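[1] Build me a model from this:
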Amino acid sequence: MGNLRPHKLPLPLYNPERLYAADPEAGMQVQLDYKHFDMDVWVDWREYESGEWGVRMPVHIIGQHVGGQGLKEHLAVQNRFNGAVGLLGEWRVESGEWSVETGCYAMGFTQKNMPVVLYRRGWGIYPVISGEWRVKSGELFVDGGYWQGHGFVPLLGNVLFSNVGFVDGITYFGMNRMFNIGARYSWQALEVGSISVEGRWYHYLERDHPSQYTVGVFIDINPRVTLWSK
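    Residues are numbered from 1 along each chain as shown. The predicted structure is shown next:
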């Protein structure tokens, strides 16, 4: 219990930039990591397999309950859900210095009660490929994917995967087709922290302004204080 640890979910379902741009997640979290099974279950109040290759089938479900009694302004009760199931294959060299993973996710969106947007349900397909290279000085991670979705609204994911825009009113997009590729390099700068440089490029196949990108530098400080030693 307390502040929650990061979640390893695909971009349309959960945006990792929330770690830096959103309020800290706090609540209860249960994480399990075994050879053939891993799980991340959490409540926010406001895997890996050994060997040279492996296959895994991740399942993710996110629920959001909004409205009800106890609020300053009365809001109709709204229940929204995102879900995803994937099939991924990974190949890792025996030394563990680098690995390649590829596969595909099928995702869904549904909402009950009083809908905020016209889409009551939607779907998305997300084939992905990624590579990770670990050296003594740091870690390089490169990934990319193709997104095709209709009626999909991410609850906590990257808004660029949404079929609904909320800038200057509500805008509905038909089929959303988009490529993205990103890279992140992290290294241990100090004994109490690390520095990461990250960039990502998005390219829509059917938009007036097809390309967007993000670039960021992140400093993660994790001090350790020895209270007692023998």
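
[2] Looking at the nearest residue to Gly86 once chain neighbours are set aside now. What's its pLDDT?
    Once flanking residues are discounted, Gly86 sits nearest to Tyr105: 4.0 Å by C-beta to C-beta, 6 or more residues apart in numbering. The way it works is simple: take the backbone N, C-alpha and C, and place the C-beta from them, glycine included. Note on Tyr105: pLDDT of 97.

[3] again with Trp45
    So, for Trp45, pLDDT stands at 58.

[4] circling back to that earlier point, what residues are up against the residue nearest to Gly86?
    Residues in contact with Tyr105 (C-beta atoms under 8 Å, 6 or more residues apart in numbering) are Pro10, Pro12, Pro58, Ala84, Val85, Gly86, Gly124, Ile125, Tyr126, Pro127, Val128.

[5] which residues of the protein fall in strands?
    All strands of the chain, identified by DSSP state E, fall at 2-3, 26-33, 38-44, 53-56, 59-68, 75-92, 98-113, 121-134, 139-150, 164-165, 171-172, 176-190, 193-204, 211-221.

[6] Quick one: closest of these to Trp228.
    Trp228 lies closest, by C-beta to C-beta, to one member of the strands of the chain: strand 2-3, at 22.0 Å.

[7] Mean confidence (pLDDT) on that closest one, please.
    For strand 2-3, the per-residue pLDDT averages 50.

[8] By average pLDDT, which secondary structure element in this structure comes out worst?
    Lowest mean confidence among the helices and strands of the chain (mean pLDDT, DSSP states H and E): strand 2-3, at a mean of 50.

[9] how about low-confidence regions in this protein?
    1-8, 18-26, 42, 44-51, 67-76, 94-96, 114-116, 190, 224-226, 229-230 (pLDDT under 70).

[10] switch to 90 and redo it
    In the predicted model of the chain, residues 1-59, 64-80, 90-98, 111-120, 134-138, 156, 164-174, 187-195, 206-210, 218-230 satisfy pLDDT under 90.

[11] picking up where we left off before, out of the strands of the chain, which gets nearest to Leu227?
    strand 2-3 (18.1 Å).

[12] Buried ones in stretch 157-169, by neighbour count?
    Gly157, Asn158, Leu160, Phe161, Ser162, Asn163, Val164 (16 or more other C-beta atoms under 10 Å).

[13] Tabulate these (CSV), appending distance to Glu132.
    Listed next are the buried residues of stretch 157-169 as CSV, based on distance: C-beta to C-beta, whole Å:
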residue, distance to Glu132
Gly157, 22
Asn158, 20
Leu160, 23
Phe161, 23
Ser162, 28
Asn163, 31
Val164, 33
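
[14] ok, and the closest non-adjacent residue to Phe173?
    Nearest to Phe173 is Asn163, by C-beta to C-beta, 6+ apart, at 4.9 Å.

[15] Tell me which residues touch that neighbour, please.
    Tyr119, Gly122, Gly149, His150, Gly151, Phe152, Val153, Tyr172, Phe173, Gly174, Asn176.

[16] Sounds good, over and out.
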